[in-house]
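Novice: have a look; sequence and predicted model below, questions after that.
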Amino acid sequence: MVSKPTVVTKAPASGKAAHRAQHGRAVIDPAATPDEVRNVALIGHSGVGKTTLVEHLLAYASAINRPGSVVEGTTVSDGDPVEVSQQRSVYLSACTLTWKGTVVNLLDTPGFGDFVGELRAGLRAADAALFVVSAADPIDETTLALWEECAALEIPRAVVVNRLDMPRADLAGTIAALRDAFGASSGNAVVQLAEPVDGNVALTGLLEDAEGSSAAARGALIEAIIAESEDETLLENYLAGAELDHTVLLADLHTAVGRGSLHPVLPASAGTDLGLAELLDLIVDGLPSPVERPLPRVWTPVGGPGPEIACDPTGPLVAEVVRTWADPYVGRVSLVRIFSGTLNSDTPLHVTGRGWQEWGHRDHDADEKSASLLSTCQTPIDSVVAGNLCLVTRLAGAETGDTLCEQAQALVVLPWELPSPLLPIAVTAATRNDENHLAEALSRLAVADPTVHVERNAATGQLVLWCLGEAHADVVLSQLRSGGTEVNVEPVRVALQATFSGSADGHGRHVKQSGGHGQYAVCSITVEPLPRGSDVEFVDRVVGGAIPRQFIPSVEKGVRHQLAHGLIDGVPIVDVRVTLTDGKAHSVDSSDAAFQVAGALAVKDAAATAGLQVLEPIEEVDILVSDNHIGAVLSDLSGRRGKVTGTDQVQADRPVPHSLIHAEVPAIELVRYAPVLRSLTGGAGSFTRSYLRHDPAPASVADALLAS
């Protein structure tokens, strides 16, 4: 295992203009064969310059006239009002260029933790990741978490050290930090080739400052490649001082990167075009094509195993929707990755949806009419082969995560794992008109963003949008409002319960006489609290026929109705045993309704004697956090009335050890916990939560909960 990352800087001696003329072109070829395609996701912390890097790569390859300019009616950063308000990328975007005859699809992913769903969608569509770090900023825990996200999916990675033109840029320090962060566990090598980059002395000088000398850097690169090569003669020839075939070295580099044992690192500066040619060369020559990557498993709609598929244009059609959005001119647009077969504009499609039911996304199988195909530059195309990406319009039923296949052979790809939305936002329609449109707006939102969970809380009656964090919640609300539906945000309420503080007797008397048949029912009960989780028991102890048998169920119905509706602001009463002990009836005036009322009155009377205790929900929480932040997290849990039940050491192979904290925390203390944990851990902490039980709330807390 090699202990250092690899900086690859390779370019012909000709000038930049000649290099661009030779390798770049503006024409996008969506019909390229799979081995002529590279699907690359740009990954990195928010603010490291991923979008700027994409724009400059497009401009350098002549796909656009200048960074930020229009590409067939679109731009990379298209001025979306939500992204403008957030001042960061929040959506997955795709664009295409060609370099040395190879189609390069660049997937720009958000770097902020609230949008990890978009990140995972981008990784699903990609065959490799270009990990972007800033030479002017440290390698923080968010960057480490993003690296682990890629490593968990076994995505081949190359690293770009960007923003070398910044005043605080420190290439040598960044390379050392990369070694410390990723080298020991990932087997990386950071070195450089000795040739000048388009005669750019500045870049050569930076690399020599970082690595000591060009000769040493080139030697380290060759040794790293040889260490991963299966050709044993390479080492013998190298030790003998023989000149090694550059083509063989490049092929071995490509192989090592593809299997994840080598992660090349290349310095660049998007703002000055420094290293862009070398970066494009690295993407084409060093990163794997779709043919070299494993494909997701395919199933039949009924759940049985489907056929083995390959990245073959002649195979069965299997494609997946990785992102969905609404365009004001063409309607619903889907970004699609074709895994197998060829997607033609005149082929009727079948849309299959499976998975994510826990977030309210339905399963469905539906035939669709032939769709319209667009390149990622939104130019009409007739077909797209396996391994490539495209945009598909006129799919009425397709949602993010759905599979597109032929109607004659319905297949389904199980979608990628979604992050759990753990920040609840309670909303109400601002006006009656908004209320009429709210359901439709939420449906559109769920289609586009499967990380949003829409819930109507049965206990509180609130409409709750579960989001990934505050920034994600802002985006969700902005999407609703930009779609013409105004909503108001209100405090989230938790599902309270109540129980009797002690045993008590209750007497219910409902007697009325107003001409004709009256109302007559009398009953006596004893109420006693039960252990948590026992719910409600009703026991009949009436003797001697004091209450006729046909009215016993009426008393029980009245008792249970009153307990369910509660005596404190509608909070239900649970965990009690109600024993019916005595009563009276009238041969004419007694009735089912009268004994229901008497049973309810008896409950109220007993509660007035015993008093009620408010119960709040307690959740079981598991928090994954680096040991650097465990003290802050434990201190915060204590302030949230949390009870730590244990800690486990996990992921010891990470550069920073992690622990899994097990705790029991009141649900009301977790309402805003997602952004708090992100703040405490530098964006790298995560947690899960699940309902455990209801416990008595302290008096001061109970008063505050009831007042909310």
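Specialist: Looks like it came in fine. Residues are numbered from 1 along each chain as shown.
Novice: going by C-alpha atoms from here, please, whenever you check contacts or count neighbours.
Specialist: OK.
Novice: return the distance of the closest residue to residue 383 other than its chain neighbours relative to residue 157.
Specialist: Nearest residue to residue 383, sequence neighbours excluded (CA to CA, 6 or more residues apart in numbering): residue 344, at 4.3 Å. Between residue 344 and residue 157 the distance is 32 Å, computed by CA to CA, to the nearest Å.
Novice: and if you look at residue 390?
Specialist: 23 Å.
Novice: ok, residue 256 next?
Specialist: For residue 256, the distance to residue 157 - CA to CA - is 11 Å.
Novice: just residue 475 next, same as before
Specialist: Applying CA to CA, the value for residue 475 to residue 157 is 30 Å.
Novice: surely residue 336 is in a strand?
Specialist: Yes: according to DSSP: H, G, I helix; E, B strand; the rest coil, residue 336 belongs to a strand.
Novice: for the longest strand belonging to the chain, packing partners?
Specialist: Taking DSSP state E as the criterion, the chain has its longest strand at strand 612-626. Contact here means 3 or more CA pairs under 8 Å, 6 or more residues apart in numbering; DSSP states H and E; on that basis strand 612-626 packs against strand 497-500, strand 658-666, strand 686-696.
Novice: quick one: contacts of the helix or strand immediately after it in the chain?
Specialist: Proceeding N to C from strand 612-626, the next assigned helix or strand is helix 630-639, under DSSP states H and E. By CA atoms under 8 Å, 6 or more residues apart in numbering, the list of residues contacting helix 630-639 from outside reads 643-644, 659, 665, 677, 680.
Novice: nearest to residue 293 among those residues?
Specialist: residue 659 (32.8 Å; CA to CA).
Novice: these two touch, right, the closest one and residue 629?
Specialist: No: Residue 659 is beyond contact range of residue 629, at 9.7 Å (criterion: CA atoms under 8 Å).
Novice: who has more neighbours, the two?
Specialist: Per other CA atoms under 10 Å, whichever of residue 659 and residue 629 has more neighbours is residue 659, with 20 against 17.
Novice: domains in this structure, by residue range?
Specialist: 16-292, 298-413, 423-490, 502-610, 615-707 (automatic domain parsing).
Novice: what's the pLDDT at residue 336?
Specialist: You'll see residue 336 listed with a pLDDT of 95.
Novice: which residues are in contact with it?
Specialist: 319-323, 389-392.
Novice: can you name the residues bridging to the closest residue in space to residue 51 that isn't next to it in sequence?
Specialist: Spatial nearest neighbour of residue 51, chain neighbours left out: residue 108 (6.5 Å); criterion: CA to CA, 6+ apart. Taking DSSP bridges, one finds residue 42, residue 93 as the beta-bridge partners of residue 108.
Novice: follow-up on the earlier one: out of the domains of the chain, which is closest to residue 496?
Specialist: Using CA to CA, the domains of the chain put domain 615-707 closest to residue 496, at 5.1 Å.
Novice: measure the closest one end to end?
Specialist: With CA to CA applied, domain 615-707 spans 14 Å between its terminal residues.
Novice: got it, and stretch 670-688?
Specialist: Note: stretch 670-688 ends 11 Å apart using CA to CA.
Novice: touching it from outside, list them.
Specialist: Contacts for stretch 670-688 (CA under 8 Å, 6+ apart): 113, 140-142, 145, 420, 422-424, 468-470, 492, 621-626, 629, 632-633.
Novice: could you look up the SS state of the most centrally placed residue in the chain?
Specialist: Central residue of the chain (CA atoms, centre = their mean): residue 117, 2.7 Å from the mean position. Following three-state DSSP, the label given to residue 117 is helix.
Novice: same deal with residue 418?
Specialist: When classified by three-state DSSP, residue 418 comes out as coil.
Novice: that one: what's it in contact with?
Specialist: Neighbours of residue 418 in contact, by CA under 8 Å, 6+ apart: 117, 120, 356, 450-451.
Novice: from residue 94, how far out is it?
Specialist: 20 Å.
Novice: still on that earlier bit, verify the stated contact: the residue nearest to residue 383 with residue 386.
Specialist: No: Residue 344 lies out of contact with residue 386 (CA under 8 Å); the separation is 11.3 Å.
Novice: neighbour count for the two, which is higher?
Specialist: Using other CA under 10 Å, the more surrounded residue of residue 344 and residue 386 is residue 386, with 30 against 18.
Novice: quick one: mean pLDDT over stretch 301-319.
Specialist: In this model, stretch 301-319 has an average pLDDT of 89.
Novice: tell me, how many residues neighbour residue 233?
Specialist: When neighbours are counted by other CA under 10 Å, residue 233 comes out with 11.
Novice: where's it, which helix or strand?
Specialist: Going by DSSP H and E, residue 233 is part of helix 232-239.
Novice: that helix: which residues count as buried?
Specialist: Neighbour-count burial for helix 232-239 flags 234-235 (criterion: 16 or more other CA atoms under 10 Å).
Novice: make a PyMOL selection of the buried ones in the contacts of stretch 670-688.
Specialist: Per 16+ other CA under 10 Å, the buried members of the contacts of stretch 670-688 correspond to this PyMOL selection:
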select buried, resi 113+141+142+145+420+422+423+424+468+469+470+492+621+622+623+624+625+626+629+633
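Novice: residue contacts, residue 259?
Specialist: residue 156.
Novice: and it, how close does it get to residue 294?
Specialist: Relative to residue 294, and taking CA to CA, residue 259 is found at 11 Å.
Novice: try residue 378
Specialist: The value you get for residue 378 to residue 294, if CA to CA is used, is 28 Å.
Novice: those two - which one has more neighbours?
Specialist: Using other CA under 10 Å as the criterion, residue 378 and residue 294 rank with residue 378 on top: 16 against 12.
Novice: correct me if wrong: the more buried one contacts residue 391.
Specialist: Yes: Residue 378 is in contact with residue 391 according to CA under 8 Å; the separation is 7.3 Å.
Novice: just give the number of residues close to the residue nearest to residue 139 when sequence neighbours are not counted.
Specialist: Nearest non-adjacent residue to residue 139, counting by CA to CA, 6+ apart: residue 177, 6.5 Å away. Neighbour count of residue 177, defined by other CA under 10 Å: 15.
Novice: can you give me the angle the strand or helix carrying residue 600 makes with strand 612-626?
Specialist: Using DSSP H and E, residue 600 maps to helix 592-610. Helix 592-610 runs at 70 degrees relative to strand 612-626, counting by axes from the mean of the first three to the mean of the last three CA atoms, to 10 degrees.
Novice: elements contacting helix 592-610?
Specialist: Using 3+ CA pairs under 8 Å, 6+ apart, helix 592-610 is in contact with strand 504-512, strand 519-529, helix 552-565.
Novice: mind running it again at 10 Å?
Specialist: Where contact means 3 or more CA pairs under 10 Å, 6 or more residues apart in numbering; DSSP states H and E, helix 592-610 is packed against strand 497-500, strand 504-512, strand 519-529, helix 552-565, strand 576-584.
Novice: quick one: contacts of the shortest one?
Specialist: In other words, strand 497-500. With contact meaning CA atoms under 10 Å, 6 or more residues apart in numbering, strand 497-500 is reached by 459, 527-530, 532, 535, 563-564, 566-568, 570-577, 606-617, 694-697.
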